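> Got a predicted model here, sequence first, then my questions.
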Amino acid sequence: MTSDQNPDPAAGGRIRIVLVDDHAMFRAGVRGELAGHADAVEVVGEGGDVDSAVAAIEATRPDVVLLDVHLPGGGGVQVIKRAQSPATRYLALSVSDAAEDVIGTIRGGARGYVTKTITGPELVDAIRRVSEGDAVFSPRLAGFVLDAFAGSIEVAEVDEDLDRLTEREREVMRLIARGYAYKEVAKELFISIKTVETHMSSVLRKLQLSSRHELSRWASDRHLL
């Protein structure tokens with residue numbers, strides 16, 4: 001094995017991980033959770049945006065990257081495209097369970113996609129499976145991938161609509177469409193209620209909708225909930 005190859009997790013070594021998320025508190029929480037499984041996994045680097053993530057991956061050449069979908073600088077798929085570490089595998093770990101995020105990230109090169117409701121032991125198992133080459137999904141999300149590749153979700157239409165929104169607006173839109181109160185959205189996304197209101201106004205304007213009810217129906221029709 002050359003110096004720039006990753007250690008083989010199947011051979012008994014710890015799985016080396018780079019953790020990518022734009023919320024430092026979330027990264028700290030995941031790092032703390034994984035510390036309880038130090039015999040199996042090791043966090044060797046972190047990134048809070050696309051540039052820092054790419055730098056961390058190229059510096060450490062990890063076995064697995066835990067990758068948030070929405071990041072400053074271009075999003076998680078840009079990290080996969082730009083990072084020069086061919087042996088590294090990617091597992092999306094995101095608050096989003098929207099069809100277009102799941103499908104887009106898998107098409108971008110990720111081996112799996114799980115949501116942030118996953119437990120610590122489940123996450124460690126998902127990391128292990130991805131490091132071994134398996135495709136891993138939270139149960140509900142696997143159906144999105146099957147539907148997309150079977151052609152029953154019109155991904156092009158969804159993308160065209162969502163291209164009008166910023167990544168933050170998409171996050172706000174999905175939570176509001178699911179029935180979250182502004183206060184709950186603010187807590188979930190670590191932003192102020194005023195910022196939520198501003199994003200919501202922008203979402204309704206860009207999508208030419210007039211109410212939360214219309215937004216929920218719009219999102220449901222496009223398999224975004």
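Yep, that arrived. Residues are numbered from 1 along each chain as shown.
> What values do phi and psi take at residue 97?
Backbone torsions for residue 97, taken as degrees, to the nearest 10, come to phi -120, psi 30.
> Can you give me the distance of it to residue 26?
In this view, residue 97 and residue 26 are 16 Å apart by Cβ to Cβ, to the nearest Å. Yep, even glycine has a C-beta here, placed from its N, CA and C like the rest.
> Show me which of those two is the more surrounded one.
More crowded of residue 97 and residue 26, by other Cβ atoms under 10 Å: residue 97, with 20 against 16.
> so what's the nearest residue to that one once chain neighbours are set aside up against?
Nearest residue to residue 97, sequence neighbours excluded (Cβ to Cβ, 6 or more residues apart in numbering): residue 115, at 5.1 Å. For residue 115, the contact set (Cβ atoms under 8 Å, 6 or more residues apart in numbering) comprises 93, 94, 95, 96, 97, 138, 141.
> Tell me which two of those residues sit farthest apart.
95 and 141 (12.7 Å; Cβ to Cβ).
> Tell me which of these two has more neighbours.
residue 141 (24 against 20).
> wait, what's in contact with that one?
Applying Cβ under 8 Å, 6+ apart, the residues near residue 141 are 97, 102, 113, 114, 115.
> Out of the residues you listed, name the ones that lie in strands.
Under the assignment DSSP state E, the contacts of residue 141 contribute 113, 114, 115 to strands.
> same for the longest helix belonging to the chain, what does it pack against?
Longest helix in the chain by number of residues (criterion: DSSP state H): helix 193-207. On a contact count with 3 or more Cβ pairs under 8 Å, 6 or more residues apart in numbering; DSSP states H and E, helix 193-207 meets helix 167-177, helix 182-189, helix 212-221.
> what do you get if the cut-off is 7 Å, keeping everything else the same?
Judged by 3 or more Cβ pairs under 7 Å, 6 or more residues apart in numbering; DSSP states H and E, helix 193-207 is in contact with helix 167-177, helix 182-189.
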